[in-house]
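Peer 1: Sequence and predicted structure below; questions after.
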Amino acid sequence: MEKAHNLQIEAPQLVEYCDLVIVRAFNAVFLVYVAILLILPFGALAGMNVKVIILLLLSVLTIASGNAYGLCSYRSLLSILMTIGPLFLWVVLGMWNGFNVTMVMSQFRDIAVTIIGCWLTALYISKHPGNKRLFMRTVIWSVSTTAAIKCVLIVYSLKTGVPVSSAIFHSLFITTDLNSLDIGLGRIQFISDGILPICLFALQTRRREIGIGPVSALLITFLYFISVTISFSRFLWVYAILAFVLGIIIAKKELIHGFYIVLIGGVSITNFAILQSLFEYRFSENVAGTSDVERTEQLRALIVFIKDAPFFGHGLGSYTTTVIRSIELPYSYELQLVALVGQIGLMGTLMLFMALAAYCNGIVMNKTVSIYYRVSLGILLAVWIIGGLTNPLLMSSTASVTYGTLYVLIGVSAGKDIVPT
């Protein structure tokens, strides 16, 4: 009898211990997942989609956690199901309208992994105050790693004469040779480059709270400057400049901000001829004009596409046969936001924007941070969404890290260590 009584006492402790192990495993796997999303330019290794496998593992760990250290409540689980569930209406609609089932499910997966990634980020930081710092450090250093990889590739290309658009590079990265410039540079772009301006803003405004030293911050900023320059993206150039300026304006003034300006100004002046050639080439009629003409053609076709089914769209995986940007993914357009309205209609688009508003409501509601900081985050979020009018960057597993980073930054107050002593 006494032995049975002891077992009854120890059983709850064993369950609590198992829950704690699951949560710790979730925390470790989640940070690995974030790093992989930002650093790996591809999703498959040895024929396996690593990102999807890790996401499934995280979902299993989330559901398996119990009450003592449970990652999510039934209410939280119900909320994510209620957000993703309605998308099946547009899955059925896409199939009903005769679009390829593989494409229908592919776009459904794009949206679903974005929503799930945002949800997992919220769960991760909710379990311990120090998780905010770990998350932000993981994001900032991962983006720094991609910037360093770009520098290595450029140096390798210059030393060996192997163009950045060679088969081995182009199979892994978005690359283009800038042959007409005669400056030995090429375009190298990672899928995760879109989050770089937000990281730049975080370095200016929350460096101390995140735990990045001044020397490291200078090095990271320099790498970011190179990375965004050779991304050869007009959107990223404008976005990064805006984020940097906002950060400098609203941040508590430190000596390091002067070093930022001196560093960037010095590099820009000493390499003025190269930068001038680069910018002139990017904004030239041959390059910018060609891409703008393609977007104009897409816009005309997509407006007709939307008018045919304005309220509920044509379904996921749908596209207009007038203009097809990608044979592999015909539903994917550079004007992603416009195409999305044609695919899920005004009703579906409104539903997703309401979910995003609920997720980032701290921009309005969190009174513990300054109004200028919240307005700046609101501007960065708005510009990111507007970017979906010219770039397909709003719906992907990597995009979920962008939304998650903004979500975490909303709750980081200036001058407060986000790791408890």
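Peer 2: Looks like it came in fine.
Peer 1: Quick check on Gly258: phi, psi?
Peer 2: Here is the backbone geometry of Gly258 (degrees, to the nearest 10): phi -70, psi -40.
Peer 1: Which stretches in the stretch 301-421 of the chain count as strands?
Peer 2: Per DSSP state E, counting those that start in this stretch, the stretch 301-421 of the chain has no strands. Nothing in it meets that criterion.
Peer 1: Please, where are all the helices along it?
Peer 2: With DSSP state H, counting those that start in this stretch as the criterion, the stretch 301-421 of the chain has helices at 336-359, 362-365, 371-387, 397-410.
Peer 1: The shortest one packs against which elements?
Peer 2: Translated: helix 362-365. With contacts taken as 3 or more CB pairs under 8 Å, 6 or more residues apart in numbering; DSSP states H and E, helix 362-365 sits against helix 371-387, helix 397-410. Yep, even glycine has a C-beta here, placed from its N, CA and C like the rest.
Peer 1: again, only using 7 Å
Peer 2: On a contact count with 3 or more CB pairs under 7 Å, 6 or more residues apart in numbering; DSSP states H and E, helix 362-365 meets helix 371-387.
Peer 1: quick one: the helix it packs on to helix 397-410, angle?
Peer 2: Calculated by axes from the mean of the first three to the mean of the last three CA atoms, to 10 degrees, helix 371-387 forms an angle of 170 degrees with helix 397-410.
Peer 1: Summarise which helices and strands helix 371-387 is packed against.
Peer 2: helix 196-205, helix 234-250, helix 362-365, helix 397-410.
Peer 1: CA-only coordinates of the first one in CSV, if you can.
Peer 2: Extracted C-alpha coordinates of helix 196-205, given in CSV (Å, rounded to 0.1, in the frame of the first residue of the first chain):
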residue,chain,number,x,y,z
LEU,A,196,17.5,42.3,-43.4
PRO,A,197,16.1,45.9,-43.1
ILE,A,198,14.1,44.9,-40.0
CYS,A,199,17.3,43.4,-38.4
LEU,A,200,19.1,46.6,-39.3
PHE,A,201,16.4,48.6,-37.4
ALA,A,202,16.6,46.2,-34.4
LEU,A,203,20.4,46.8,-34.2
GLN,A,204,19.9,50.6,-34.1
THR,A,205,17.1,50.6,-31.5
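Peer 1: can you state the direction angle for the helix or strand containing Met82 and helix 336-359?
Peer 2: If you go by DSSP states H and E, Met82 is part of helix 74-84. Note on geometry: by the same axes, to 10 degrees, helix 74-84 and helix 336-359 are set 160 degrees apart in direction.
Peer 1: do you know which of the helices of the stretch 301-421 of the chain lies nearest Ile154?
Peer 2: Between Ile154 and these, the tightest spacing by CB to CB is seen for helix 397-410, at 22.3 Å.
Peer 1: thinking again about what came up before, what's the most buried one of the helices of the stretch 301-421 of the chain?
Peer 2: A comparison of these by mean neighbour count, using mean count of other CB atoms under 10 Å, puts helix 397-410 on top with a mean of 24.
Peer 1: Now do that helix, average pLDDT.
Peer 2: For helix 397-410, mean pLDDT rounds to 93.
Peer 1: Cys360 touches Trp384, doesn't it?
Peer 2: No. Under the criterion of CB atoms under 7 Å, Cys360 makes no contact with Trp384, lying 10.7 Å away.
Peer 1: follow-up on the earlier one: what helices or strands is the helix holding Met82 leaning on?
Peer 2: Using 3+ CB pairs under 7 Å, 6+ apart, helix 74-84 sits against helix 101-126.
Peer 1: Please spell out which residues along the helix it packs on are buried.
Peer 2: By 16 or more other CB atoms under 10 Å, the buried positions in helix 101-126 come out as 103-108, 110-125.
Peer 1: Likewise for stretch 127-145?
Peer 2: Within stretch 127-145, the residues that count as buried by 16+ other CB under 10 Å are 127, 131-136, 138-145.
Peer 1: Gly218 contacts Leu263, doesn't it?
Peer 2: I think there's a mix-up here, since residue 218 is Leu and not Gly. Yes. Using CB under 7 Å, Leu218 is in contact with Leu263, at 6.3 Å.
Peer 1: Tyr256: which element?
Peer 2: Small correction: residue 256 is Ile, not Tyr. helix 255-270.
Peer 1: Report the distance from that helix to the chain centre.
Peer 2: Relative to the chain's own centre, helix 255-270 is displaced by 27 Å; criterion: CA atoms, centre = their mean, to the nearest Å.
Peer 1: which other residues reach that helix?
Peer 2: Residues outside helix 255-270 that contact it (CB atoms under 7 Å, 6 or more residues apart in numbering): 214, 217-218, 221-222, 225, 248, 251, 275.
Peer 1: Pull out the buried members of those residues.
Peer 2: If we count by 16+ other CB under 10 Å, these have these buried: 217-218, 221-222, 225, 248, 251.
Peer 1: Check the secondary structure at Thr296 for me.
Peer 2: Classification of Thr296 by DSSP: H, G, I helix; E, B strand; the rest coil places it in helix.
Peer 1: Now distance to Thr270 too, for the helices of the stretch 301-421 of the chain, in JSON lines please.
Peer 2: Supplementary listing: the helices of the stretch 301-421 of the chain in JSON lines, determined by distance: least, CB to CB, whole Å:
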{"stretch": "helix 336-359", "distance to Thr270": "38"}
{"stretch": "helix 362-365", "distance to Thr270": "39"}
{"stretch": "helix 371-387", "distance to Thr270": "30"}
{"stretch": "helix 397-410", "distance to Thr270": "32"}
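Peer 1: distance of Ile385 from Leu394?
Peer 2: Relative to Leu394, Ile385 is positioned 7 Å away (CB to CB, to the nearest Å).
Peer 1: now Met354
Peer 2: For Met354, the distance to Leu394 - CB to CB - is 15 Å.
Peer 1: Same check on Ile220?
Peer 2: In terms of CB to CB, Ile220 sits 26 Å off from Leu394.
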